[in-house]
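A.B. asks: 3D model of this:
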Amino acid sequence: MPHLIIEYTDNIIEEPRWGDLYRDIHGVLIATSEWYSPDIKSRAVRLTNYCVGNGSPEQAFISLTIQILAGRSDNLKQSVSENCLKILASHFHRTLEELQSSITVQIVDIHAPSYRRRINYEV
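C.D. replies: From the prediction side, this is the model:
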């Protein structure tokens, strides 16, 4: 925990260096001292079936969802969201400049009593 899911439309301009992007976002989370590196899991999902606005191929989006266990402060969530948005904007700057596009970040609380995991490493 946390889980980071980046969804993006298949018409974005650049192909980011995914490893660099993940490391940058992980760095934001690690800097809070709330999470440890081995606990952060990231993935990107390229969307081929979507519609933005009127369906024009000149419209695109990148959306980051960060799933965390409930209980963190709103201030922490706001800071993480703002810093991740800046990182995404830097990695997708051409898309933001050349297409009608948006980047969003949302943090979703996971219901702790129903969340289960099994790990085989020590923090």
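
A.B. asks: going forward, measure contacts and count neighbours with C-alpha atoms only.
C.D. replies: OK.

A.B. asks: Quick one: the strands in the protein, in order.
C.D. replies: Ranges of strands within the chain are 3-9, 41-47, 59-69, 100-110, based on DSSP state E.

A.B. asks: Mind putting those strands into JSON lines with distance to residue 17, mean pLDDT and mean neighbour count?
C.D. replies: Converted to JSON lines, the strands of the chain look like this (distance: least, CA to CA, whole Å; pLDDT from 0 to 100; neighbours: other CA atoms under 10 Å):
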{"stretch": "strand 3-9", "distance to residue 17": "13", "mean pLDDT": "97", "mean neighbour count": "18"}
{"stretch": "strand 41-47", "distance to residue 17": "12", "mean pLDDT": "97", "mean neighbour count": "14"}
{"stretch": "strand 59-69", "distance to residue 17": "15", "mean pLDDT": "97", "mean neighbour count": "20"}
{"stretch": "strand 100-110", "distance to residue 17": "17", "mean pLDDT": "97", "mean neighbour count": "16"}
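
A.B. asks: Dump the helix ranked longest in the chain to CSV, restricted to CA.
C.D. replies: Longest helix in the chain by number of residues (criterion: DSSP state H): helix 74-91. What follows is helix 74-91 as a C-alpha-only set of coordinates in CSV (Å, rounded to 0.1, in the frame of the first residue of the first chain):
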residue,chain,number,x,y,z
ASP,A,74,-6.6,16.0,4.4
ASN,A,75,-3.5,18.2,4.5
LEU,A,76,-1.3,15.2,3.7
LYS,A,77,-3.6,14.1,0.9
GLN,A,78,-3.7,17.6,-0.5
SER,A,79,0.1,17.9,-0.5
VAL,A,80,0.6,14.5,-2.1
SER,A,81,-2.0,15.4,-4.8
GLU,A,82,-0.4,18.7,-5.6
ASN,A,83,3.1,17.3,-5.8
CYS,A,84,2.0,14.4,-8.0
LEU,A,85,0.1,16.7,-10.3
LYS,A,86,3.3,18.8,-10.8
ILE,A,87,5.3,15.6,-11.6
LEU,A,88,2.7,14.4,-14.1
ALA,A,89,2.5,17.8,-15.8
SER,A,90,6.3,17.7,-16.3
HIS,A,91,6.2,14.2,-17.8
